[in-house]
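**Q** Take a look and give me a structure for this.
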Amino acid sequence: MRGRHLLKPLPLLTPKPPSRPPAAHFRARAAAHPPTPRRAPLAEPDVGISRFAASIPGFNGALKQRYSDFIVHEVARDGALVRLTSFDLPDGEESGDNVEDGECDATADPSRALASFRLLCGEVDYDALRGFLERVSEGGDGDLSPIILSADADKAHRSEVHEFIKRNFKFLNTDTVEHSDGIQKCIRVRLGSGPRGGRARNRRGMNSSGWRDDKPFDSRGSTSWPYHLGKFLRFNLYKENKDTQEALGVIGKMLGVQPRSFGFAGTKDKRAVTTQQVTLFKVHASRLAALNSKLAGIRVGDFSYVKEGLTLGQLRGNRFAITLRNVIAESDDVINAAVNGLSKNGFINYYGLQRFGSGSVPTHFVGAALLRGEWRHAVSLILGTRVHYKWHGDVDAALRGMPRHLTVERAILQRLKKYPGNYLQALMAIPKTLRLMYVHSYQSYLWNHAASMRVEKYGISQVVEGDLVYKTGSSLGEATTTDTFDDDDSHVNSSEMEMSCETLPEEKIQSVKIVDSEDLLKAVYSFEDVVLPLPGSETLFPGNEVARIYHEIAKKDGISLIESAHGIKDFSITSMKGGYRRILQRPIDFEWDLMTYTDDNTPLVPTDLDVLSEIQSSETNELLSDGTCSCPSSDSQLQVSVVTSGPTIEASSAETKSIGILDLSPEKLAVKLEFTLPASSYATMAIRELTKTSTSVACQKTLNG
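**A** Below you'll find the predicted structure:
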């Protein structure tokens with residue numbers, strides 16, 4: 001502890017037959033006892049979270065009372081902490097110095113190119129393109145729908161048209177779409193400077209001529225990309241109170257690129273302030289930097305060009321700065337003992353509640369249905385609480401009434417509309433990353449229960465015979481990942497899959513062994529080496545009583561962990577390698593502070609944007625200073641902050657209050673914690689160990705009240 005102080009404000013799928021027939025009693029039990037949707041919020045014991053690493057008493061404290069109380073910085077593969085430190089463009093690049101990707105002058109005289117286009121495509125398409133360009137030159141681009149050229153069965157000719165438009169009208173983007181008959185193809189043309197047009201679509205996603213107009217625009221990248229630059233722009237994404245997919249979705253729409261153009265190592269919490277690395281294919285930094293003045297709660301910076309894009313799992317961990325407010329304890333000694341206990345003893349490395357979704361139907365329920373091959377039931381669970389839809393009902397009506405952000409639910413219904421009654425096909429409409437996450441959620445559910453049983457039965461003070469341990473000398477750096485995900489699926493945001501911290505890919509497959517009596521005699525291993533499996537085809541179960549809990553819970557759910565009930569790889573544990581996870585995790589580079597405050601709206605820890613704004617304000621005022629005063633007033637500092645980097649969402653509410661007013665408020669106690677965790681470990685589980693309080697939403701709302 002560094003002392004107490006008062007802070008200043010700051011095609012159709014047909015299931016393959018299984019290799020072995022599934023055990024009849026499993027399916028019978030599943031049919032008799034299917035999971036039912038939950039109406040009450042998910043509680044920790046529901047997913048196996050029930051034990052603590054130590055019996056040291058905790059204290060009450062409000063977690064995430066303000067989202068700025070939960071700050072996360074990604075730790076990159078090279079160990080560097082990812083922070084937002086600069087909005088400067090890379091060396092040699094200036095704002096507006098390139099005209100690729102739709103930045104040409106749309107009002108230039110295109111008559112010569114249009115004459116050539118008439119020879120290439122004919123009179124009808126010539127008239128359509130000429131009219132489109134006239135509307136652009138008249139300034140109608142803000143509400144400009146795409147145009148669709150005539151049907152063209154010649155792929156080589158379509159390619160020639162694509163290249164002609166890119167070469168002669170660089171401010172336009174093209175892609176290929178198909179007719180509702182699914183056979184004919186044509187070229188669609190749109191203004192390339194953003195997500196414009198498309199507002200004239202009808203509800204069936206077709207324009208008046210019957211051409212499909214609901215296909216997302218592709219992102220082919222620039223045809224004139226400089227040879228000396230890496231094809232990927234790497235930048236640091238700073239976001240406030242938004243999840244990763246949401247933030248990138250906003251940026252993607254403003255740039256007119258698809259979600260799959262982005263790469264990132266892992267998702268970050270929504271109710272938090274986070275900074276992480278992101279890569280973007282063939283987009284210049286100047287285009288991205290220009291968005292900062294238009295983005296709310298999002299900033300991008302620290303630009304560089306690299307040869308490869310990021311993929312899920314390419315990170316070392318996360319650094320957390322967490323503030324617990326309204327701390328109540330019998331004494332400072334209680335707080336000291338609890339914090340020191342967390343630092344010394346660590347915490348049970350449970351999968352947190354976020355792993356199991358934020359909807360009324362937990363994701364492991366869906367995972368269990370998928371493992372049993374109950375496709376219709378799985379679809380019902382996913383749709384049931386979001387859509388008032390009967391299987392004999394109107395899919396169109398359900399789609400019309402569904403919010404756009406419910407991407408998973410919309411994808412399922414759109415596939416059901418195309419293939420009525422084919423629920424497996426409907427499930428395959430979900431992006432692969434999310435399809436796999438349902439089964440991973442069930443694996444996590446089993447792991448949590450097994451961890452609780454191991455701690456309850458044997459404690460955490462020693463290794464016991466039959467435990468699984470990483471072999472001496474095995475290293476995470478030598479491990480191979482399990483169940484990695486294809487890059488061809490878009491990263492989408494689903495309200496049912498609100499993930500926290502790093503959950504993809506799964507744990508590492510390492511060399512493990514079952515502890516025997518000789519190992520115990522030699523005292524080679526400690527409890528920190530003990531792991532438990534996430535069941536799969538390449539994992540071992542413990543050689544003691546802990547193995548029993550896996551099979552008992554799975555049997556109760558009508559699931560076999562050693563044979564598949566169907567032949568669909570994505571929904572089968574036996575088709576996944578599996579993995580291992582340490583039972584105990586200690587916070588790394590742990591620091592903490594006990595502090596006091598008076599205003600609940602006062603930020604207690606500066607964010608990257610606060611620090612950057614302060615630096616820029618200081619530099620600006622040094623230039624403006626007449627030499628008699630180098631200290632800006634609070635008003636001028638706030639003004640510079642808005643001008644240079646845009647407003648933060650929460651940062652300035654206390655700055656307008658006088659110190660005298662603040663001093664009239666009662667003094668409150670807060671605990672600030674800073675620590676690093678490896679990827680896939682949950683900071684909320686560390687806080688649970690500290691406070692001995694549930695991390696459920698219901699409990700935290702009570703504390704925050």
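
**Q** pLDDT of the helix or strand hosting Ile549, averaged?
**A** Ile549 is located in helix 546-556, with elements delineated by DSSP states H and E. For helix 546-556, the mean pLDDT works out to 96.

**Q** roughly how far apart are the one residue sitting closest to the centre of the chain and Leu248?
**A** Averaging the C-alpha coordinates of the chain gives a centre point, and the residue nearest to it by C-alpha atoms, centre = their mean is Thr267 (2.8 Å). Remark: distance between Thr267 and Leu248 (C-beta to C-beta, to the nearest Å) = 10 Å. Glycine gets a C-beta too; all of them are placed from N, C-alpha and C.

**Q** ok, back up a step: now find how far off-centre the helix holding Ile549 is within its chain.
**A** Chain-centre distance of helix 546-556: 31 Å, with C-alpha atoms, centre = their mean, to the nearest Å.

**Q** Tell me the helices and strands packed up against the longest helix along the chain.
**A** Taking DSSP state H as the criterion, the chain has its longest helix at helix 432-458. Helices and strands touching helix 432-458, by 3 or more C-beta pairs under 8 Å, 6 or more residues apart in numbering; DSSP states H and E, are strand 347-348, helix 363-372, strand 530-534, helix 546-556.

**Q** Past that helix, which element shows up next along the chain?
**A** Scanning forward in sequence from helix 432-458 by DSSP H and E, the next helix or strand is strand 468-470.

**Q** Run me through the strand neighbours of that following strand, direction for each.
**A** Within its sheet, strand 468-470 is paired with strand 512-514 (antiparallel), strand 530-534 (antiparallel), according to DSSP bridges.

**Q** Ok, which of those strands comes nearest Leu436?
**A** Distances from Leu436 to each of those were compared by C-beta to C-beta, and the smallest falls on strand 530-534, at 12.3 Å.

**Q** So for Glu496, what pLDDT did the model give?
**A** Per-residue pLDDT puts Glu496 at 35.

**Q** One more: Thr85?
**A** Per-residue confidence for Thr85 comes out at a pLDDT of 96.

**Q** My read is that it contacts Phe303, right?
**A** No: the pair Thr85 / Phe303 is not scored as a contact, 11.2 Å apart, by C-beta atoms under 8 Å.

**Q** So between the two, which is more surrounded?
**A** A direct count of neighbours by other C-beta atoms under 10 Å for Thr85 and Phe303 places Phe303 higher, at 21 against 14.

**Q** so for the helix or strand encompassing that one, what's the average pLDDT?
**A** Using DSSP H and E, Phe303 sits within strand 298-306. Computed over strand 298-306, the mean pLDDT rounds to 96.

**Q** Who are the packing partners of it?
**A** Helices and strands in packing contact with strand 298-306 are listed as strand 232-240, helix 244-255, helix 285-289; criterion 3+ C-beta pairs under 8 Å, 6+ apart.

**Q** rank these by mean pLDDT and give me the bottom one.
**A** Taking each of these in turn, the lowest mean pLDDT turns up on helix 244-255, with a mean of 90.

**Q** got the buried residues for that one?
**A** If you call a residue buried by 16 or more other C-beta atoms under 10 Å, then helix 244-255 has these buried ones: Thr244, Gln245, Ala247, Leu248, Gly249, Val250, Ile251, Gly252, Met254, Leu255.

**Q** if we can go back for a sec, okay, the strands paired with strand 468-470 in CSV with distance to Lys701 next?
**A** Formatted as CSV, these follow (distance: least, C-beta to C-beta, whole Å):
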stretch, distance to Lys701
strand 512-514, 41
strand 530-534, 31
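
**Q** And those: which comes nearest Ser159?
**A** Ser159 lies closest to strand 530-534 among the strands paired with strand 468-470, at 46.0 Å (C-beta to C-beta).

**Q** Return the backbone torsion pair for Val334.
**A** For Val334, the backbone dihedrals are phi -60, psi -40 (criterion: degrees, to the nearest 10).

**Q** Can you tell me which helices and strands the helix holding Ile549 packs against?
**A** Secondary-structure packing of helix 546-556 (3+ C-beta pairs under 8 Å, 6+ apart): helix 24-32, helix 432-458.

**Q** Go through the ones you listed and name the closest to Phe527.
**A** With respect to Phe527, and counting by C-beta to C-beta, the nearest of the helices and strands packed on helix 546-556 is helix 432-458 at 9.2 Å.

**Q** follow-up on the earlier one: averaging pLDDT over each of the strands paired with strand 468-470, which comes out lowest?
**A** strand 512-514 has the lowest average pLDDT among the strands paired with strand 468-470, namely a mean of 93.

**Q** Can you pull out the low-pLDDT segments for the stretch 251-400 of the chain?
**A** Applying pLDDT under 70 to the stretch 251-400 of the chain picks out residues 385-393.

**Q** Common neighbours of Thr267 and Leu248, please.
**A** Both Thr267 and Leu248 lack any common contact, where contact means C-beta atoms under 8 Å, 6 or more residues apart in numbering.

**Q** picking up where we left off before, can you list the helices and strands packed on strand 298-306 in TSV and add distance to Leu383?
**A** Shown next, in TSV, are the helices and strands packed on strand 298-306 (distance: least, C-beta to C-beta, whole Å):
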stretch	distance to Leu383
strand 232-240	29
helix 244-255	20
helix 285-289	37
